[in-house]
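Colleague: just to be clear, the model below is a prediction. Sequence and coordinates:
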Amino acid sequence: MAFDVMALTNFFDFLVRPGFQYRRFIRIRWAYHIWERFLRHMAGIGSLPDINNAPRAKRMQATPEILIVGGGTAGLSAALHAAQAGSKVLLVEREKMLGGRGLKLRSKRV
């Protein structure tokens, strides 16, 4: 059984409010960079995933007039209307299929 040491911070949540590090640790200016480094490490800020295990992204060069990020219902609708208006549209989606939550909602109804 694993024990999460950082779960103990839940008992001190009254001290750990959003932005607490600026109010609590700024008074000791010479030690602030030490606290900041420690807090960033605990929060996982600044660490990158292993490049060898990361999926390869496809690279392409395009010059669209309109770039739409997200192939959900709203993204598909926006891309359709922009294309019908004669604009060059690029639709970017991170998933393999377009549709977003609309696919999941449709499959639950059937």
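Modeller: Good, I have the coordinates.

Colleague: CA atoms for contacts and neighbours, from now on please.
Modeller: Fine.

Colleague: Leu98 contacts Gly71, correct?
Modeller: Yes - between Leu98 and Gly71 there is a contact at 5.0 Å, judged by C-alpha atoms under 8 Å.

Colleague: for the two, indicate the residue with more neighbours.
Modeller: A count of neighbours by other C-alpha atoms under 10 Å puts Gly71 above the other of Leu98 and Gly71, at 22 against 18.

Colleague: Three-state assignment for that one, please.
Modeller: The three-state label for Gly71, taken from DSSP: H, G, I helix; E, B strand; the rest coil, comes out as coil.

Colleague: the one 5 residues further on now?
Modeller: Assigned by three-state DSSP, the conformation of Leu76 is helix.

Colleague: residue contacts, it?
Modeller: Contacts were defined as C-alpha atoms under 8 Å, 6 or more residues apart in numbering; by that measure Leu76 touches Gly99.

Colleague: when you give positions from now on, start the count at 49
Modeller: Let's use 49 as the start, then, which means that last one is Leu124.

Colleague: state the pLDDT value of Ile82.
Modeller: The per-residue pLDDT reported for Ile82 equals 82.

Colleague: Phe86 now?
Modeller: Among the per-residue scores, Phe86 holds a pLDDT of 79.

Colleague: one more: Ala55?
Modeller: What the model reports for Ala55 is a pLDDT of 76.

Colleague: from Glu84, how far out is it?
Modeller: As defined by C-alpha to C-alpha, to the nearest Å, Ala55 lies at a distance of 20 Å from Glu84.

Colleague: name the helix or strand for Leu115, please.
Modeller: strand 114-117 (DSSP states H and E).

Colleague: could you do His81 as well?
Modeller: Under the assignment given by DSSP H and E, the secondary-structure element containing His81 is helix 77-91.

Colleague: elements contacting that helix?
Modeller: Judged by 3 or more C-alpha pairs under 8 Å, 6 or more residues apart in numbering; DSSP states H and E, the packing partners of helix 77-91 are helix 68-73.

Colleague: identify the residues contacting the residue lying closest to Gly123 once chain neighbours are set aside.
Modeller: Closest residue in space to Gly123, ignoring its immediate chain neighbours: Ile116 at 6.4 Å, by C-alpha to C-alpha, 6 or more residues apart in numbering. The contact partners of Ile116, by C-alpha under 8 Å, 6+ apart, come to 123, 126-127, 137-140.
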